[in-house]
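Undergrad: the following comprises the amino acid sequence and a computationally predicted model.
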Amino acid sequence: MEPILVVAATRQELTLLIRSLGARERGGAGRRPSWLGKVGLLPVVLAETGIGKVNTAAALAALFENFIPRLVINTGCAGAYTASGLRVGDLAVASAEISGDEGVLTPQGWEGLDLIGIPALERKGVRYFNEFPLSLHPAEQAVQLATALGIPLRRGKFVTVSTCSGITARGDELASRFDAICENMEGAAMAQVALDYGVDCLEVRGVSNMVEDRDLSRWNLPLAVEKAQRFIIKYLETCGEEQ
Ligand SMILES: O=C(O)c1cccc(C(=O)CC[C@H]2O[C@@H](n3cnc4c(=O)[nH]cnc43)[C@H](O)[C@@H]2O)c1
């Protein structure tokens, strides 16, 4: 049975999963640590990619050269945009990922890679510039599971940034430009590499902070990563039951 792969930027975002799945360290993720565990009969590989798009892309390329999972799940925390309806501790599922700061700043404003005319990825005749779709079925399953469990979760577009928005106005600008609900630093890299290798992908993040004028006293990273991991465990259990 092909494993499901779960990736996160930091160890904190995987610790509960590693423990709950009785996972043991393995190789095969390039220069990054990874573990193999099980949910019932379902094998699950967990990998710590490091922060940001470069680390995520490097880790996923190394992993996919080693094996092709049936699904890759990106988890961790995220900053929610003010108009999203999300609150700290809620969950968010990506319908699409957007590379939010790859493009050109012109005198008329920001433009994406389409202005340059060079796509980030071309696959099966489709040119992908800044936006990468995520797989529909796993996201719908996640929404249904959250509804059944009474867990607050919203599905919408995520923005991936290299410069985090520590200013309310910048977050509001990205939210309205891309019609997005939250931001992070890795998801677009996962979605692009998964699309390139033809691997289904899902992204579920816990909201650690609102994207507002930077005030770390209002953040709750431990709550966000715990909520996200507890939900991923439930999701993996439903995948295991389908076998
Ligand atoms: O110190 C800061 O100002 C700061 C700003 C954004 C994120 C952090 C982190 O410590 C977490 C980075 C980590 O978590 C994801 N994340 C969480 N919140 C956000 C956000 O508001 N904007 C972008 N990324 C966020 C991200 O995927 C990283 O892996 C500190």
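TA: Arrived safely, thanks for sending. Residues are numbered from 1 along each chain as shown.
Undergrad: so where do the helices sit in this protein?
TA: 15-20, 52-66, 113-116, 136-149, 168-178, 187-197, 221-241 (DSSP state H).
Undergrad: which residues touch Phe67?
TA: Shown in contact with Phe67 (Cβ atoms under 8 Å, 6 or more residues apart in numbering): 2-3, 28, 45. In this view, the C-beta of every residue, glycine as well, is placed from N, C-alpha and C.
Undergrad: what is the lowest-pLDDT residue among the residues you listed?
TA: pLDDT across those is at its lowest for Gly28, which sits at 79.
Undergrad: what is the neighbour count of the nearest residue to that residue once chain neighbours are set aside?
TA: Excluding the flanking residues, the one nearest Gly28 by Cβ to Cβ, 6 or more residues apart in numbering is Asn66, at 4.1 Å. Under the neighbour criterion other Cβ atoms under 10 Å, Asn66 is assigned a count of 15.
Undergrad: now Asn66: how far from the ligand?
TA: When Cβ to the nearest ligand atom, to the nearest Å is applied, the distance between Asn66 and the ligand equals 23 Å.
Undergrad: same question for Ser176.
TA: With distances defined as Cβ to the nearest ligand atom, the gap from Ser176 to the ligand amounts to 16 Å.
Undergrad: could you check the pLDDT of that residue?
TA: 98.
Undergrad: spatially nearest residue to Leu115, not counting backbone neighbours?
TA: Skipping the residues right next to it in sequence, Leu115 comes nearest to Val104 by Cβ to Cβ, 6+ apart, at 5.2 Å.
Undergrad: repeat that for Pro133.
TA: Spatially, and ignoring its direct neighbours in sequence, Pro133 is nearest to Ala96 (5.1 Å; Cβ to Cβ, 6+ apart).
Undergrad: got the residues of this structure near the ligand?
TA: 9, 51, 76-79, 161, 164, 166, 183-186, 208-209, 211, 214 (Cβ under 6 Å from any ligand atom).
Undergrad: of those, which belong to strands?
TA: When DSSP state E is applied, those are split such that 76-79, 183-184, 208-209 fall in strands.
Undergrad: got the contact list for Tyr235?
TA: Taking Cβ under 8 Å, 6+ apart, one finds 73, 141-142, 145, 204 in contact with Tyr235.
Undergrad: of the residues you listed, just the buried ones, ChimeraX syntax please.
TA: Buried residues among the contacts of Tyr235 (16 or more other Cβ atoms under 10 Å), as a ChimeraX selection:
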select :73,141,142,145,204
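Undergrad: ok, the contacts of Tyr235 vs Leu86, which is closest?
TA: Taking Cβ to Cβ as the measure, Leu86 lies nearest Val204 of those, at 12.9 Å.
Undergrad: tally of neighbours for Arg87?
TA: A total of 10 residues lie near Arg87 under the criterion other Cβ under 10 Å.
Undergrad: returning to that earlier point: of the contacts of Tyr235, closest to the ligand?
TA: Sorting the contacts of Tyr235 by distance to the ligand puts Val204 at the head of the list, at 12.7 Å, by Cβ to the nearest ligand atom.
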